[in-house]
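> How does the following fold in three dimensions:
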Amino acid sequence: MEAALHPVAPSQPLEPYARRVVPRQSLRDLEAQITELTGHLNAATYYWLTLIAEFDRREGWGDGATRSCAHWLNWKCGIDLGAARERVRVAHALEELPKISEAMREGRLSYSKVRAITRVATEATEDTFLQIAIHGTAHHVEKLVRVFRRAKEAEELSRGGTAAGAAERHLVPRAGWLVGHQSHAAGGGRGALHQRDGGCGESGTTDIDCSRERRFRGNVA
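Model (predicted):
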């Protein structure tokens, strides 16, 4: 029984990965290996999440004693219960978001980013949140999602059923600003994205729009 409390050892030994670390190799080579392996980890995590979704759907954890798939992951895979619940949530959310799923499968999105955007992304907003996740840092993606959720909650209280549409309309120009901001910070020189996607001073904007945009920039900076 004790053996069941620990993850099963991998069928392939991990030593070959350790042997690849060459002492005193260049920083450029180290960077290339780290980022390449990160892509593989992202893709492997996506596949792992698809297995979790299927396992949960078929209630493979239902032995009469285990309470949920999250409890099973906590027991069998050594994952904190709160983190396990999030993984189950993300696993099922990805099934409804094919473009985000594809990006993670290709290794382009980390679990941290996917965890954040699957809290708010819908079929209507998937493209926008995907671009935010690809171009923004994980830190900025998390902050933008928090701001978006607060905006939706506030508008639901004040406007009822129009909340989702209003929050999404405000998200698009802010997303453009974030993408342009991140590209410029990375040396991409694409700050024009901010101008293209709307901002203060452009035709059609109001003082209220500018005020909201300034508050948004302050929240995600």
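> Glu86 versus Gly60, what's the distance?
The gap separating Gly60 from Glu86 is 19 Å, by C-beta to C-beta, to the nearest Å. C-beta coordinates here come from the backbone N, C-alpha and C atoms, glycine included.
> So between those two, which is more surrounded?
Neighbour tally, Gly60 and Glu86, criterion other C-beta atoms under 10 Å: the higher count belongs to Glu86, 17 against 14.
> For that one, which non-adjacent residue is spatially closest?
Leaving aside its chain neighbours, Glu86 sits nearest to Arg115 (6.1 Å; criterion: C-beta to C-beta, 6 or more residues apart in numbering).
> from what I can see that neighbour touches Ala93, true?
No - counting by C-beta atoms under 8 Å, Arg115 sits too far from Ala93 to count as a contact (9.1 Å).
> domain ranges for the protein?
When the chain is parsed with automatic domain parsing, its domains come out as 1-95, 115-221.
> Need the mean per-residue confidence for the longest one.
The predicted model gives domain 115-221 an average pLDDT of 67.
> Repeat that for the first one.
When pLDDT is averaged along domain 1-95, the result is 87.
> which parts of the top helix by length along the chain are buried?
Scanning the chain for the helix with the most residues, using DSSP state H, yields helix 27-57. Going by neighbour count (16 or more other C-beta atoms under 10 Å), the buried part of helix 27-57 is 42-43, 45-46, 49-50, 52-53, 55-56.
> Helix or strand next in line after it, which one?
As assigned by DSSP states H and E, the chain's next helix or strand after helix 27-57 is helix 69-76.
> what's in contact with the helix or strand following that next one?
Going down the chain from helix 69-76, the next helix or strand is helix 81-94, by DSSP H and E. Defining contact as C-beta atoms under 8 Å, 6 or more residues apart in numbering, one finds that helix 81-94 is touched by 46, 49-50, 52-53, 56, 68-71, 73-74, 77, 79, 100-101, 104, 111, 114-115, 118, 121.
> Any of those buried? List them.
Burial by neighbour count, judged by 16+ other C-beta under 10 Å, picks out 46, 49-50, 52-53, 56, 68-70, 73-74, 79, 100-101, 104, 111, 114-115, 118, 121 from the contacts of helix 81-94.
> Which parts of the strand or helix carrying Ala154 count as buried, going by neighbours?
Per DSSP H and E: Ala154 is located in helix 138-159. Neighbour counts over helix 138-159 (16+ other C-beta under 10 Å) mark 140-145, 147-148, 151-152, 155 as buried.
> so can I have CSV of those showing distance to Leu27?
Below are the buried residues of helix 138-159 laid out as CSV (distance: C-beta to C-beta, whole Å):
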residue, distance to Leu27
His140, 25
Val141, 27
Glu142, 28
Lys143, 30
Leu144, 31
Val145, 33
Val147, 36
Phe148, 37
Ala151, 41
Lys152, 43
Glu155, 47
